[in-house]
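*Asks:* Following is a predicted model, sequence given first.
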Amino acid sequence: MNTSKQTYLQLDQLRLGYQRPLLEPISWSLQAGERWALNGPNGSGKSLLLKTLSDQLTPIGGECLWSQGVRWVFLAQEHQRPALWPLKGHDWLQAMGIQPGHLPLIEHLLNQRLDQLSGGQWQLLRLASVLAAGAEVILLDEPSNHLDAKVRSQSLTLLSQLQPHQSLLMASHDQDFIQASGAQPLTIEELTHVD
Ligand SMILES: Nc1ncnc2c1ncn2[C@@H]1O[C@H](COP(=O)(O)OP(=O)(O)OP(=O)(O)O)[C@@H](O)[C@H]1O
């Protein structure tokens, strides 16, 4: 099936905010295979958009329409771990419904306890599991947070293994990471701009 022109997500005059709208309305669509990197100043609404797309916030107005059958996954900027958490990496993958055999880059983390992983190891495990879920749309909030050079390069390897039909929308301040990922930079201002 040729999915190159398929629209995965359509935003129509979408109003985002908490108690009241914080941004101008957004009208935008995401097509199969597109790779976008939201960047721009702190507080400009990147996380707000990703939280709304991933159903953590209700839009204040307008429409957010996922095409039928399109699956999305979301990597939050932070994921707090309980201080004592006796689960291991393979438990995490199992909970995500993922076969560990396909993920050589995180094999060394599978027998480690989640509460004993470093911040970067935890971020890599979470990123790898989100990418391995095979969803059509990958939403990532600051995926290069906490990463040293080696893990950062491993994360880029994982991103480079996305299938041509998979789409990416990530928020990032990390210009080098954005460039290396091949994603096109996009600002919230551009999304709210009306021609
Ligand atoms: N829980 C909240 N309640 C009310 N306003 C909030 C809440 N969280 C964030 N905001 C506000 O929403 C706006 C957008 O914040 P958001 O976190 O989306 O910015 P961002 O572009 O992701 O910033 P950063 O680059 O710092 O991660 C900011 O003005 C922020 O103060």
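*Replies:* Received the coordinates, thanks.
*Asks:* Now the phi/psi pair for Gly33, please.
*Replies:* The phi/psi pair for Gly33 (degrees, to the nearest 10) reads phi 80, psi 0.
*Asks:* Okay, Leu114 and Ala133: tell me how far apart.
*Replies:* To Ala133, Leu114 is 18 Å away according to CB to CB, to the nearest Å. Any C-beta I mention is one placed from the backbone N, CA and C, and that applies to glycine too.
*Asks:* if you average pLDDT over stretch 188-195, what comes out?
*Replies:* For stretch 188-195, mean pLDDT is 80.
*Asks:* if we can go back for a sec, between Leu114 and Ala133, who's got more neighbours?
*Replies:* Neighbour totals were compared for Leu114 and Ala133, and Leu114 leads with 20 against 14 (other CB atoms under 10 Å).
*Asks:* For the more buried one, list the residues it contacts.
*Replies:* Leu114 is in contact with Arg81, Trp85, Leu87, Lys88, Gly89, Asp91, Trp92, Trp122, Leu125, counting by CB atoms under 8 Å, 6 or more residues apart in numbering.
*Asks:* Quick check: the third one touching Arg113?
*Replies:* What it means is Leu87. Yes - the criterion here is CB atoms under 8 Å, and Leu87 meets it with Arg113 at 7.0 Å.
*Asks:* Adjacent strands (with direction) for the longest strand anywhere in the chain?
*Replies:* Using DSSP state E to define each element, the chain has its longest strand at strand 7-15. Strand pairing for strand 7-15, using DSSP bridges, gives strand 26-31 (antiparallel), strand 61-66 (antiparallel).
*Asks:* List the contacts of the first one.
*Replies:* Think strand 26-31. Contacting residues not belonging to strand 26-31 are listed as 4-14, 16, 36, 49, 62, 137, 167, 169, 191-192, 194 [CB under 8 Å, 6+ apart].
*Asks:* Give me the buried entries from those residues.
*Replies:* 6, 8-9, 11, 14, 16, 36, 49, 62, 137, 167, 169, 191-192 (16 or more other CB atoms under 10 Å).
*Asks:* of all the residues you listed, which comes closest to Gln175?
*Replies:* Trp36 (14.5 Å; CB to CB).
*Asks:* Burial check on the residue lying closest to Gln77 once chain neighbours are set aside, number of neighbours?
*Replies:* Distances taken as CB to CB, 6 or more residues apart in numbering put Asp141 closest to Gln77, at 4.1 Å, once the chain neighbours are dropped. Neighbour count for Asp141, taken as other CB under 10 Å: 21.
*Asks:* Can you tell me the element the residue nearest the centre of the chain falls in?
*Replies:* For the chain, Leu140 is the residue whose C-alpha lies nearest the centre (CA atoms, centre = their mean; 1.7 Å). In this structure, Leu140 sits in strand 137-141 according to DSSP states H and E.
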